[in-house]
Every structure is written in C-alpha cells, then in structure tokens.
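K.L.:
How does the following fold in three dimensions:
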Amino acid sequence: MDITLPVLFVAHGSPMFALEPGAAGDALKVLARDLPRPRAVLVISPHWETTVPTVSTAIQLETIHAFSGFDPRLHAIQCPASGSPEAAQEVVIALHAAGLPCLSDDRRGLDHGAWVPLRYLFPAAPVPIVPLSIQHHAGPQHAYRIGQALTPLTKRGWLILASGNVTHNLNDWQRASSGLAINTDDAQRFSDWIHTQVMGQQVNALLAYRQSHPDALRAHPRDEHLLPLFTAVGAAGPDAAPRAFHRGISDQVIAMDGYAFEPQS
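P.N.:
From the prediction side, this is the model:
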C-alpha cells in the first residue's frame, strides 16, 4: 500500500554545507530517521534552470560540481545515486495531466542543490532519485502551480524534496565571508516573515512576497532559490500541517530554515 509522505523544503546553503553540516545538517539527519522509505524522491534544485519543466530520466546520476573557489575537497565528493526512467515518467504524466508542458533529459545528474541535502537525508541513496528543473523566468505562481500538479505523487509513496534557501544574496554572502561589515538584520527579519506566512498558510502573501515585505529584494535579488518553497507549498496542499524542523542563519546571511509539510490523517 502506498503511503503519503511529507513534502520537504530544505536549505542547501553554500557548497561548504557538504563539509560543514552544523545544526542544519544535524536536523536533516534527524528528519531522515523518522521518514518512511519512499518509492522515489523527486528533487527540485534551483541550480537546474530550463525554459520548460524538464525531468531527468538518467539511470545513473552524475555528481555535478558546478562551482569554484571553495575547498577543493568538495570536488572529490561523489554521491552515487540511481534514477529511474519509469518513475520519471510518472512525473511527466502528472505535469501533462495538469496541462503543463514537460520535457525529459536522459543525462542530467545531481547539482549541489540536490546532492548536498541528499548527502544528509539519504547517504546510501537507497531509492530512485528523479531531478526536476525550475523555471525562474515564470515566477512564483508558476512554481506553485508545478507543485499542485505534483500533489498526486505524494499520495503514491513519493517524497518531494524542494531545495533552496529562504535568503540568498550572493553579494552579502561574499562581503560577510570576506570579513567586511554588513547589516544582517534584514536576513533575520525576512526569514521570520517567511516563517510566519508558512506556518499561517498565507499562500497569497508568500507568492506576492516581493510586494509583501520590504526586505524581499535584498533577501533575493534573483529569486530562483525561493521558488522551490512555492513548489513545496503547492505540492503539500492546504490540508498539510507545516512544521519548521530547523531555523537558523549560517554565514551571517544565509537562512538555513527547513520545513516539513506533513499530511493529516
């Protein structure tokens, strides 16, 4: 019998999160201990952008190291994971059923937005992993609609894993990492506001976040790292109970908040 799993929004931070788990990594490990084993994991990362929603049908998922300037040990990390063309087809069917276009890619592997959190949640990769791209140009409403189209999968034993960050300003992060003085209050204010909206299930305010909060543009000069949150909210549906399984700021400006949207019996 299929089980209904929670929908997850997890933070992947900077690539260094793979080497420095901290409290956020520990929270993912604790979360993983309580998760039933899914049939498959659909992972949505902001580091795979396409014009049209695209599903990876690769059988073996390459560990992609598309970053530079970080600890060279990161490039030695491999996260062996297997995909499933058959499972991927279920995603394609779900998107088509919702009237959404969808393409497939038989080569796409796992970028760090995907493999870093998977490293803590499923270190042995015991289940098929299916990556799904985002469409930054289409905005929050589209990301939310993608999530709604994926809801049937949650009732068939799939784990939907949306990866991003509640705040993502690279300029602020670079300044903070260089030891330059920076006002970090806005990152906390914005993450607190997101928390209030998520826990209060204020979907309209979340989708209009750029107009709803004065720190929105500072928190996300480009909002690809917040779009997976909207997909998670859409996939979970209005009856799911949101729970913050971790909240905290890393590197002064990166909110590492994670949410589980849990089904209600």
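K.L.:
Please make it C-alpha for all contacts and neighbour counts, starting now.
P.N.:
Noted.
K.L.:
in stretch 7-24, what's buried?
P.N.:
7-15, 17-18, 21, 24 (16 or more other Cα atoms under 10 Å).
K.L.:
let me fix that: stretch 83-94
P.N.:
For stretch 83-94, the neighbour count (16+ other Cα under 10 Å) marks 83-85, 87-89, 91-92, 94 as buried.
K.L.:
Show me the buried residues of stretch 7-24 that map onto helices.
P.N.:
residue 24 (DSSP state H).
K.L.:
Inside strands: which ones of the buried residues of stretch 7-24?
P.N.:
Taking DSSP state E as the definition of strands, the buried residues of stretch 7-24 contribute 7-11.
K.L.:
sorry, back to before: quick one: the buried residues of stretch 7-24 as a markdown table, columns for distance to residue 184 and pLDDT too.
P.N.:
Below are the buried residues of stretch 7-24 laid out as a markdown table (distance: Cα to Cα, whole Å; pLDDT from 0 to 100):
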| residue | distance to residue 184 | pLDDT |
| --- | --- | --- |
| 7 | 30 | 98 |
| 8 | 26 | 98 |
| 9 | 23 | 98 |
| 10 | 21 | 98 |
| 11 | 18 | 98 |
| 12 | 19 | 97 |
| 13 | 16 | 94 |
| 14 | 17 | 92 |
| 15 | 21 | 93 |
| 17 | 20 | 95 |
| 18 | 23 | 96 |
| 21 | 21 | 96 |
| 24 | 19 | 97 |
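K.L.:
from memory residue 82 sits against residue 60, does it?
P.N.:
Yes - Residue 82 is within contact range of residue 60, at 4.7 Å (criterion: Cα atoms under 8 Å).
K.L.:
in the chain, which helix or strand is least confident?
P.N.:
helix 170-177 (a mean of 83; mean pLDDT, DSSP states H and E).
K.L.:
Contacts made by that one with the rest, please.
P.N.:
181-182, 251-254 (Cα atoms under 8 Å, 6 or more residues apart in numbering).
K.L.:
got the angle between the very next helix or strand once past it and helix 170-177?
P.N.:
Per DSSP states H and E, the first helix or strand lying C-terminal to helix 170-177 is helix 185-199. Between the axes of helix 185-199 and helix 170-177, defined by axes from the mean of the first three to the mean of the last three Cα atoms, to 10 degrees, the angle is 130 degrees.
K.L.:
and the nearest residue to residue 212 once chain neighbours are set aside, how many neighbours?
P.N.:
Excluding the flanking residues, the one nearest residue 212 by Cα to Cα, 6 or more residues apart in numbering is residue 205, at 6.3 Å. For residue 205, the count of nearby residues is 15 (other Cα atoms under 10 Å).
K.L.:
same thing with residue 138?
P.N.:
12.
K.L.:
how near is it to residue 252?
P.N.:
As defined by Cα to Cα, to the nearest Å, residue 138 lies at a distance of 30 Å from residue 252.
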